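J.: predicted model and sequence below, questions to follow.
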Amino acid sequence: MKKVLLPLALILASGSAIADQQGAYIGGNIGNASTNLSAHGHDKSFNLDDDVLAYGVYGGYNFTENLGLEATIGQTGEQEHVKKGYATLTPRIMFPLNDRFSVYGKAGIAYVAADANYNGHEDINRGDIDVDGFGWTAGAGVNFAVAEHLNVRAGVDYLTAELEDSHNDRSLNIDSDTTIYSVGVDYKF
């Protein structure tokens, strides 16, 4: 038992080494996405609102203990034949609460793409739908330094974009709103 408790106590007591969060990091996250797609085109419309799995990878660079830049690439699970992918680029502001805990906020640009197969769907009489567009994103969360190079985080991110038909063969505009609740683990170099 002492062999387990001693290393754990040393890790918990090593706050000064853990407090330094400057530098590059990379990680992955998984969670739940509340996603909404509202489409209008050719006198037809539909509204898709569902909760699905969300997962992705993120990475960034902390210039100081308070300011960093982060990029994310992710995807939501399929819902009613629709999959959504996204990429974001945001400045990130961190507020350390102590040597291990910090809260963060971020806001920036988002790219969202959705594709679906609606052969004979009652609301939209189309085959494949490929839409994409740019919008904005904002997020907030908490970060916990587990060890010198290992962090765990929990956060919420909101993405919104107006998506347009990638093929421009028909007029179809889709409003996309997604709220992602996730947990992640990252490694700081």
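T.: Sure thing, it's come through. Numbering: from 1, shown residues only.
J.: how about the helices in this protein?
T.: Counting by DSSP state H, the chain has helices at residues 2-13, 15-19.
J.: where are the low-confidence patches of the chain?
T.: Regions of the chain meeting the criterion pLDDT under 70 cover residues 1-19, 40-49, 80-81, 117-128, 166-172.
J.: measure the nearest residue to residue 152 once chain neighbours are set aside to residue 156 for me?
T.: Closest residue to residue 152 apart from its sequence neighbours, by CB to CB, 6 or more residues apart in numbering: residue 144 at 5.0 Å. C-beta: built from backbone N, CA, C; applies to glycine. Taking CB to CB, to the nearest Å as the measure, residue 144 and residue 156 are separated by 16 Å.
J.: ditto for residue 187
T.: Distance, residue 187 to residue 156, by CB to CB: 22 Å.
J.: which residues in this protein form strands?
T.: Per DSSP state E, the chain carries strands over the ranges 23-41, 44-62, 67-76, 82-96, 101-117, 128-147, 150-165, 173-188.
J.: a markdown table for those, including mean neighbour count?
T.: What follows is these, written out as a markdown table (neighbours: other CB atoms under 10 Å):
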| stretch | mean neighbour count |
| --- | --- |
| strand 23-41 | 18 |
| strand 44-62 | 16 |
| strand 67-76 | 19 |
| strand 82-96 | 18 |
| strand 101-117 | 18 |
| strand 128-147 | 17 |
| strand 150-165 | 18 |
| strand 173-188 | 19 |
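J.: now do stretch 66-73: distance to the chain's middle.
T.: Put simply, stretch 66-73 sits 11 Å off its chain's centre (CA atoms, centre = their mean, to the nearest Å).
J.: brain fart, stretch 137-150
T.: On CA atoms, centre = their mean, the centre of stretch 137-150 falls 13 Å from that of its chain.
J.: can you show me the CA trace of that stretch as PDB?
T.: In PDB, the C-alpha atoms belonging to stretch 137-150 read as follows (Å, rounded to 0.1, in the frame of the first residue of the first chain):
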ATOM      1  CA  THR A 137     -17.500  28.900 -32.200                       C
ATOM      2  CA  ALA A 138     -17.200  29.600 -28.400                       C
ATOM      3  CA  GLY A 139     -16.400  27.400 -25.500                       C
ATOM      4  CA  ALA A 140     -15.500  27.100 -21.900                       C
ATOM      5  CA  GLY A 141     -14.300  24.500 -19.500                       C
ATOM      6  CA  VAL A 142     -12.000  23.400 -16.700                       C
ATOM      7  CA  ASN A 143      -8.600  21.800 -16.900                       C
ATOM      8  CA  PHE A 144      -6.800  19.600 -14.300                       C
ATOM      9  CA  ALA A 145      -3.100  18.900 -14.500                       C
ATOM     10  CA  VAL A 146      -2.800  15.200 -13.500                       C
ATOM     11  CA  ALA A 147       1.000  15.100 -14.000                       C
ATOM     12  CA  GLU A 148       3.700  17.300 -15.400                       C
ATOM     13  CA  HIS A 149       2.800  16.400 -19.000                       C
ATOM     14  CA  LEU A 150      -0.800  15.100 -18.700                       C
END
